[in-house]
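Novice: Sequence and predicted structure below; questions after.
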Amino acid sequence: MMNGRLDMRKFAAKKMMCGTAMVEFALILPLLLVLVFGIVEFSIALYDKAVITNASREAARAGVIYRATALTNAQIAAVATNASQAHLITLGGSAAPQVTVSKPTGGTAGNPLTVTVTYQFTGLLLGNMLSVMTGSQTLTATTTMMIE
């Protein structure tokens, strides 16, 4: 008879421990999901920052290399736009970055050419929640090179 009661107590203790684990999991799950989504969105933002940095570098390089006819500001901006639109992860936001080209008139050798690419990053979940409090996240990359 004693063994029957001992087995029932062990069963009840196991059942209570299982319920405790479920409650603990329910409390930790939202924090875990926020952490995982935060890591994913931060990684996407860093990737997009690298993409617009490379796009500004490509456009500046296209604008400063020696040619018989120099590229116009619109052509340099098109290089940056094409380079970034092909690789940006937009998550439903706008895929078109704003490109600003600043070069001196005439574009003589030794003068600086500056290309600035600006992109409004919109996240999937956390980015939208943060944008309500802090405004939209703007990623900017600027490259300055001397005209050859």
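Specialist: Yep, that arrived. Keep in mind the model is a prediction, meaning the values are calculated, not measured. Numbers count the residues shown, from 1 in each chain.
Novice: so where do the strands sit in the chain?
Specialist: Along the chain, counting by DSSP state E, strands occupy 98-102, 112-121, 137-146.
Novice: for the ones you listed, which one ends up most surrounded?
Specialist: Mean neighbours per residue, mean count of other Cβ atoms under 10 Å, is largest over those for strand 112-121, with a mean of 21. Glycine gets a C-beta too; all of them are placed from N, C-alpha and C.
Novice: before we move on, the earlier item: R61 is nearest to which of the strands of the chain?
Specialist: Counting by Cβ to Cβ, R61 lies closest to strand 137-146 out of the strands of the chain; the figure is 6.6 Å.
Novice: For that closest one, name the packing helices and strands.
Specialist: Strand 137-146 is packed against helix 2-64, strand 112-121, helix 126-134, with contacts defined by 3 or more Cβ pairs under 8 Å, 6 or more residues apart in numbering; DSSP states H and E.
Novice: Just checking, which helix or strand of this protein averages the lowest pLDDT?
Specialist: When the helices and strands of the chain are scored by mean pLDDT, DSSP states H and E, helix 126-134 comes last with a mean of 63.
Novice: Which residue, other than its chain neighbours, is closest to the residue positioned nearest the centre of the chain?
Specialist: Nearest to the mean C-alpha position of the chain, by Cα atoms, centre = their mean, lies A45 at 1.2 Å. For A45, ignoring the flanking residues on the chain, the nearest one in space by Cβ to Cβ, 6 or more residues apart in numbering is F121 at 5.4 Å.
Novice: Show me the beta-bridge partners of the one you found.
Specialist: The partner list for F121 in beta bridges (DSSP bridges) reads Q137.
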